[in-house]
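Novice: Provide a 3D model corresponding to the input given below.
(one chain, ligands or ions: 1)
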Amino acid sequence: MVVASCLDRDPSCLIVGAGITGLMAARELRRLGIQVLVLDKARGVGGRMATRRFDGGVFDHGTQYFAPSSAWFQSRIAEWIDGGVTKEWFRVRSYEMDERFLSAARYCGYPAMTSIPKLLAEGVPVHTGERVTRLDVVDGCWRATTEADTTYSARSCLLTPPVPQVLELLEASGVALDDELEETLTDLVYEPCITLMVVCENTPMMPENGILEFERGDIRRITDNQRKGISREAAAVTIHATGAFSAAHFADDDETLARYLLDEALPIIRCGAVSWQLHRWRYSQILTPHPEPYLHISETPPLAVAGDAFGINGVEGAARSGMEAARMMLRHLQ
Ligand SMILES: Cc1cc2nc3c(=O)[nH]c(=O)nc-3n(C[C@H](O)[C@H](O)[C@H](O)COP(=O)(O)OP(=O)(O)OC[C@H]3O[C@@H](n4cnc5c(N)ncnc54)[C@H](O)[C@@H]3O)c2cc1C
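Specialist: The predicted structure follows:
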C-alpha cells in the first residue's frame, strides 16, 4: 500500500550508499518498476570496490577479487564480463580450493574494480557527495537530511553503509531499536584494514598472477596492479595489512605506518618506492555475517538495513543482500 500523504514526485525507495549493495538494490527496484534515489557521501560510486590513481599508478585498494559460490552470482559475473567490466584474473589450483566456491576462477573489475559499480550505476539516479546525517518520518515518508542540509523523501528507505555507520545514523536520528535488534546489529563486527599503495621504482618480483598472500606476519596480501592489468603505465603495488595489525595500529600516523609496511614488504618483492599513499578502511570485511540477507528496522514506513554483513560476506554477499532487500521492499510498497 502506498502511503497517501507522500508526495507523488517522491521516489518510492531512498537508498543510502552506492556500493554494490545499494546499486544492486537500486537496479532490481527499477526493474520491478519502483522509483529510486541513491545517496552516497563519497565523490564516486563503488564504496569498498575502490580504485585510486596517483603518480601514474592505478590501484585497486579495497576488494581485490571475488569468486562465485552460487549459480546466481556466477550469472551476475557473466553479465559483467559481457558488459566489459569484469575479467577472470587467475585460477587457484584445486588443492588450494575452498569447497565454498563453484569455480577455481578469481575475477576482478576491468579495467579496474570501480568499473563494475560504474556500470551498475548507469541509468540509476545517484547523488554523490551527499552524506546522510539524519532520518525522520514526515507525513508517512522517510526523510533524509544530508550534511549540506538538503532533504530527500521516499516511501521506504534502505540503509547499506557498514552496520556500525548505520547504527550511528540511527542514533543521531533518534530512531529507537528494540533491544534484540540493537544487540544483533551491535554484534556484527568488521575488521579494519590499513592499506598502503606504492608506486614502484622498478618491476617488483611477484608471482605471474601478481598476488602474494601471507599466512603469517603483519601483511595479509601484496597485489601487483601492473600484472593484474590495471596499472598500465607504472609498476604499482597495493599492500593490505592483516586485521590484527590494522586494529592494533589504526591510530598510528601515516608516516610510521608506511615506513613499517614498506620495510616489511619491499625486501620481499625487491623493489624501491617512488611514492606512496595510505588508506585506512575502518570496516573492511565482516567477521561473521548475520544469516538473514537483510534486517527490518521498521515496517511502516519500511526501513531496512542490508549489505555484506548479511547472508555471506564479500562482494557476492553484498550483491545478493541488495537484491533480496529490493524484493522485500517491493512487497512492502505494493
Ligand atoms: C581492503 C579490502 C579488501 C577486500 N577484499 C575483498 C575480497 O578480496 N573479496 C570480496 O569479495 N570482498 C572483499 N572486500 C569486501 C567487499 O569490498 C565488500 O564486502 C563490499 O564491497 C561491500 O559492499 P557494500 O555496498 O555492502 O558496502 P560499501 O561498499 O561499504 O558501500 C557503502 C556505501 O555507503 C556510503 N555511506 C556510508 N555512510 C553514508 C552516509 N551517512 N550517507 C551516504 N552514504 C554513506 C559509503 O560511502 C559507501 O559508498 C574487501 C574490502 C576491503 C576494504
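
Novice: OK, contacts around the closest residue to the ligand within the stretch 101-250 of the chain?
Specialist: Residue nearest to the ligand within the stretch 101-250 of the chain (C-beta to the nearest ligand atom): residue 161, separated by 3.2 Å. (C-beta placed from N, C-alpha, C; glycine too.) Counting by C-beta atoms under 8 Å, 6 or more residues apart in numbering, residue 161 makes contact with 16-17, 169, 307.

Novice: Most neighbours of all the residues you listed, which one?
Specialist: residue 307 (34 neighbours; other C-beta atoms under 10 Å).

Novice: all helices of the chain, in order?
Specialist: Applying DSSP state H to the chain gives helices spanning 20-31, 71-82, 115-121, 163-173, 179-186, 243-249, 254-269, 314-333.

Novice: Can you pull the residues of the chain lying near the ligand?
Specialist: When proximity is defined by C-beta under 6 Å from any ligand atom, the chain lies next to the ligand at 16-22, 39-42, 47-49, 62-66, 131-132, 160-162, 165, 169, 193, 195, 240, 281, 284-285, 307-308, 314-315, 318.

Novice: and the residue nearest the centre of the chain, what does it touch?
Specialist: In the chain, the C-alpha nearest the mean C-alpha coordinate belongs to residue 48, at 3.4 Å (C-alpha atoms, centre = their mean). Going by C-beta under 8 Å, 6+ apart, residue 48 touches 19, 62-63, 281, 284.

Novice: per-residue confidence at it?
Specialist: We have a pLDDT of 98 for residue 48.

Novice: and what of residue 100?
Specialist: 66.

Novice: tell me the most buried of the helices of the chain?
Specialist: Of all the helices of the chain, helix 20-31 has the most neighbours on average by mean count of other C-beta atoms under 10 Å, namely a mean of 25.

Novice: Who are the packing partners of that one?
Specialist: The contact analysis (3 or more C-beta pairs under 8 Å, 6 or more residues apart in numbering; DSSP states H and E) places helix 20-31 against strand 13-16, strand 36-39, helix 115-121, helix 314-333.

Novice: Relative to the whole chain's centre, how far out is the third one?
Specialist: Taking C-alpha atoms, centre = their mean, to the nearest Å, the mean C-alpha location of helix 115-121 is offset from the chain mean by 12 Å.

Novice: Just give me the neighbour total for the closest residue to residue 211 other than its chain neighbours.
Specialist: Excluding its sequence neighbours, the residue lying closest to residue 211 (C-beta to C-beta, 6 or more residues apart in numbering) is residue 223, at 5.4 Å. When counting by other C-beta under 10 Å, one arrives at 27 neighbours for residue 223.

Novice: can you list the domain ranges for this protein.
Specialist: The record's domain parsing of the chain by automatic domain parsing lists 13-41+129-188+288-333, 51-117+190-286.

Novice: any chance of these in JSON lines, with distance to residue 123 too?
Specialist: Shown next, in JSON lines, are those (distance: least, C-beta to C-beta, whole Å):
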{"stretch": "domain 13-41+129-188+288-333", "distance to residue 123": "8"}
{"stretch": "domain 51-117+190-286", "distance to residue 123": "13"}
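
Novice: Contact partners for the residue of the stretch 201-334 of the chain found nearest the ligand?
Specialist: Nearest residue of the stretch 201-334 of the chain to the ligand, counting by C-beta to the nearest ligand atom: residue 314, 2.6 Å away. Listed by C-beta under 8 Å, 6+ apart, the contact set of residue 314 reads 63, 66, 285, 308.

Novice: Turn those residues into TSV, including distance to residue 110.
Specialist: Formatted as TSV, the contacts of residue 314 follow (distance: C-beta to C-beta, whole Å):
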residue	distance to residue 110
63	13
66	13
285	22
308	21
